[in-house]
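S.K.: give the three-dimensional model of this entry:
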Amino acid sequence: MSMLQAVLSIGSGSLVGFTLGLVGGGGSILAVPLLVYVVGVSSPHVAIGTSAIAVAFSAALSLTGHARAHTVKWPCALVFALSGIVGAAGGAQLGKMVDGARLLTLFGILMIVIGGTMLRPRQSGGNPDVALTRDTMRSMLPLLIGAGLLVGALSGFFGIGGGFLVVPGLIGATAMPLINAIGSSLVSVAAFGLTTAASYAWSGLVDWPLAGLFIVGGALGGLFGTKLARHLAGHKNALGRIFAGIVIAVGLYVVVRSVVF
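M.R.: Below is the predicted model of the structure:
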């Protein structure tokens, strides 16, 4: 690894961490394009495996804060995550079988779709007392397991944390408030990232030094992003829409470049 590549790795990781801290999610979907087009990772599969580790690490750090704030619905989060691990393992295996160029094209399309969903205003309502109990298990458990399997499969296939997929999945399955869905989603994001990373590492598709630099950059960027978010708290919706536009633009770039080149 050259010195320039090391600097670009830390810088790219910082951008992902900064975005996560600033707008509360979505930064991980930029990791793969940054690794491929900025850092210069030649294999999309190595980029996916490497980014999955960074995604899992960032989610675990954020989860500790939410756990201290008691915003995690642990029973619901664990059922969703355990179901998603099965889906992520299968999705990662399938992703490794797909041609790298085609996988990038599909990844770009997913970015455009997720960017579009990010433009929709989030509803902050919900039932704050929702819980997975013996009384609610019969109706809630199938929804949690089904949504977890589907989101986990998409997460593993594309090597992303999937937070923007997990949050609506949890809300749809349980009707929990947004703040609880965000906190609970981090359990799944960390679990999916580790599952995907383990699958790719088993196949030798992880650049460990690069992953370490990316994580260091992400931790530094996350600190600055979180601090700035506190100062711009009244403009979070505008920031979210701006970031959604960036995600869509990068997705279009990935698709065009994959198709043309």
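S.K.: for the chain, just list every one of the helices.
M.R.: With DSSP state H as the criterion, the chain has helices at 3-23, 31-34, 44-68, 74-97, 100-118, 137-158, 163-174, 178-202, 208-231, 236-260.
S.K.: and for the first one, what's in contact with it?
M.R.: With CB atoms under 8 Å, 6 or more residues apart in numbering as the contact definition, helix 3-23 has outside contacts at 1, 26-28, 30-31, 34-35, 38-40, 54, 58, 62, 210, 213-229, 232, 236, 239-240, 243. C-beta: built from backbone N, CA, C; applies to glycine.
S.K.: can you flag the buried ones in the residues you listed?
M.R.: Using 16 or more other CB atoms under 10 Å as the burial test, those include 26-28, 30-31, 34-35, 39, 54, 58, 62, 210, 213-222, 225-226, 229, 239-240, 243 as buried.
S.K.: the lowest-mean-pLDDT helix or strand in the chain vs helix 163-174, what angle?
M.R.: Least confident helix or strand, the chain: helix 236-260 with a mean of 80, by mean pLDDT, DSSP states H and E. Put simply, helix 236-260 runs at 120 degrees to helix 163-174, going by axes from the mean of the first three to the mean of the last three CA atoms, to 10 degrees.
S.K.: quick one: low-confidence residue ranges for this structure.
M.R.: Within the chain, the segments meeting pLDDT under 70 span 23-27, 121-125, 229-230, 233-236, 239-240, 261.
S.K.: ramachandran coordinates for the residue nearest to the spatial centre of it?
M.R.: Nearest to the mean C-alpha position of the chain, by CA atoms, centre = their mean, lies residue 161 at 2.4 Å. Main-chain dihedrals, residue 161, degrees, to the nearest 10: phi -70, psi -40.
S.K.: which residues touch it?
M.R.: Counted by CB under 8 Å, 6+ apart, residue 161 has contacts 28, 55-56, 58-59, 155, 189-190, 192-193.
S.K.: residue 180: which of the residues you listed is nearest?
M.R.: The nearest member of the contacts of residue 161 to residue 180, counting by CB to CB, is residue 189 at 14.8 Å.
S.K.: can you get me a residue count around that closest one?
M.R.: Burial measure for residue 189: 30 neighbouring residues, criterion other CB atoms under 10 Å.
S.K.: so how far is residue 181 from it?
M.R.: Distance, residue 189 to residue 181, by CB to CB, to the nearest Å: 12 Å.
S.K.: also residue 4?
M.R.: Distance from residue 4 to residue 181, by CB to CB: 40 Å.
S.K.: more crowded one of these two?
M.R.: residue 181 (26 against 10).
S.K.: correct me, but residue 199 touches residue 155?
M.R.: No - the criterion here is CB atoms under 8 Å, and residue 199 misses it with residue 155 at 11.5 Å.
S.K.: which one of the two has more residues nearby?
M.R.: residue 155 (31 against 24).
S.K.: for the more buried one, give me its contacts.
M.R.: Residues in contact with residue 155 (CB under 8 Å, 6+ apart) are 84, 87-88, 91, 161-162, 165, 188-189, 192-193, 196.
S.K.: I am finished for the moment; much appreciated.
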